[in-house]
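In: Structure for the following, please:
(chains A and B)
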There are 2 protein chains.
Amino acid sequence: MVPRASVRDELIESAVEVFHARGFNGCSVQDIVEAAGIPKGSFYNHFKSKEALGVEVVRAYTRLVGAYLEEAGAGEIFSGDGTPLERIRAYFEAVIEQNVSSGVRKGCLLGNFATELAPHSAEIANAVTDALDNWSAAVARALAQAQEAGELPKDVDVEALGRYLVDGYEGAAARAKLIGDRGPMDEFIRTTFDFLLA
Amino acid sequence: MVPRASVRDELIESAVEVFHARGFNGCSVQDIVEAAGIPKGSFYNHFKSKEALGVEVVRAYTRLVGAYLEEAGAGEIFSGDGTPLERIRAYFEAVIEQNVSSGVRKGCLLGNFATELAPHSAEIANAVTDALDNWSAAVARALAQAQEAGELPKDVDVEALGRYLVDGYEGAAARAKLIGDRGPMDEFIRTTFDFLLA
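Out: Okay, the predicted model is just below:
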């Protein structure tokens, strides 16, 4: 017997969808409980506020993207076929496929929340910062492998470069969202790996 | 006698401030007319909707940033002291100073609107796309000068690189907004000009 997801988990799952599609301020608690098919009265049994739900949504979105990347084999950023830089490229290509699969017009929820909410919710800003920091640090570890393998100069600050690539991806995802086309993200890959790091 | 700004211009000026600080969906028409000190009734004499005002806000914000850059001498991206790449660096440094001067926590209004509004308003998305395209094209023209001067390889796609740098700046501005610190934007400059294009 498959256990029924808890009401709390159902609310988080619906809110990932609704916040991603409409933005945090573009929807109400009412919209989220309706999408989850749950009576509004029970919302506040599970979350003290829409903001508290927003924090859980950031974490759930990060897990969801991570699960997609595992499934796509792009958890292999640290080992597997190819050189470290080839694996980093394949990893960002998988990140882009995940973005496209959920709808390029929705963008990256982390980037959306960063620009929409940072000044208004310290809790959500901290959750997004943690997610981007962890992500950047993982890319930096893979860049350190590329450095070890002689694909990058010895004097490169791989931590800074990891943040740079994540920020660059976020900027490209924002423009892709803007025009409703994955082109800017694909161009991000080409410019990074065929020119800047080639 | 200094002519009094028109009611329409006052509404746009207030809306730049209010949208920039609070996001499009984070404020109401009421908030904007209050900030402008104008009766709500007259709003719809000047704009058919909040969205129509949003389009004008994108254009006004772009002019405002442009005026700051002119003032800072960073209109000199195409001529003046230094090599083309040095001028492009100085130009992005001035863009960052403008961002910081208006409050790093507000971010770049173009990036904010891209992530918040792209799927919900074709008119605003088009205005932001135009602004980013014009900006990227200006950077690309300066990069072509760098290429002419032998600072970049002959086979670089300067149009793509112009978009890459603008997207990278937007991603860095989003993370700066997130943490309330200009650091990510300064790091964007160092990684771009001290490493990737050095």
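In: Now do the same for stretch A:104-114: mean pLDDT, whole number.
Out: Confidence for stretch A:104-114, expressed as mean pLDDT, is 96.
In: at contact distance from chain B, anything in that stretch?
Out: Yes: on the criterion Cβ under 8 Å from any Cβ of the partner chain, stretch A:104-114 is in touch with chain B at A:105-107, A:111-112, A:114. To be clear about C-beta, it is placed using only N, CA and C from the backbone, and glycine gets the same treatment.
In: swap in stretch A:59-78?
Out: No: Stretch A:59-78 stays out of contact with chain B when judged by Cβ under 8 Å from any Cβ, the minimum separation being 14.1 Å.
In: Just the ones of the residues of stretch A:104-114 next to chain B in helices?
Out: A:111-112, A:114 (DSSP state H).
In: And the residues of stretch A:104-114 next to chain B, which is closest to A:Thr129?
Out: Distance to A:Thr129 across these (Cβ to Cβ) is lowest for A:Ala114, with 8.4 Å.
In: so how far is A:Gly82 from the closest one?
Out: 31 Å (Cβ to Cβ, to the nearest Å).
In: And A:Ala144, by the same measure?
Out: Relative to A:Gly82, A:Ala144 is positioned 16 Å away (Cβ to Cβ).
In: A:Ala90 too?
Out: Per Cβ to Cβ, A:Ala90 is found 7 Å from A:Gly82.
In: Mind picking the one among the ones in helices among the residues of stretch A:104-114 next to chain B that's closest to B:Val55?
Out: A:Asn112 (20.6 Å).
In: I figured the closest one was touching B:Leu117, is that so?
Out: No: A:Asn112 is beyond contact range of B:Leu117, at 10.5 Å (criterion: Cβ atoms under 8 Å).
In: which SS state does A:Val128 fall under?
Out: helix (DSSP: H, G, I helix; E, B strand; the rest coil).
In: higher neighbour count, A:Ala144 and A:Gly82?
Out: More crowded of A:Ala144 and A:Gly82, by other Cβ atoms under 10 Å in any protein chain shown: A:Ala144, with 17 against 11.
In: In which helix or strand does the more buried one reside?
Out: Element membership of A:Ala144 [criterion: DSSP states H and E] is helix A:122-148.
In: tell me the mean pLDDT over that helix?
Out: For helix A:122-148, mean pLDDT rounds to 96.
In: near chain B, anything from that helix?
Out: Yes: counting by Cβ under 8 Å from any Cβ, chain B has neighbours in helix A:122-148: A:125, A:128-129, A:132.
In: And the spatially closest residue to A:Leu64 that is not a sequence neighbour, which helix or strand is it part of?
Out: Closest residue in space to A:Leu64, ignoring its immediate chain neighbours: A:Val16 at 6.7 Å, by Cβ to Cβ, 6 or more residues apart in numbering or on different chains. Assigned by DSSP H and E, A:Val16 belongs to helix A:7-22.
In: contact partners of the next helix or strand after that helix?
Out: Following helix A:7-22 in sequence order, the next helix or strand is helix A:29-36 (DSSP H and E). Contact partners of helix A:29-36, identified using Cβ atoms under 8 Å, 6 or more residues apart in numbering or on different chains, comprise A:7, A:10-11, A:13-15, A:17-18, A:22, A:39-40, A:42-43, A:50, A:53.
In: Top of those by number of neighbours, please.
Out: Neighbour counts for these (other Cβ under 10 Å) peak at A:Ala15, which has 26 neighbours.
In: All set now, cheers.
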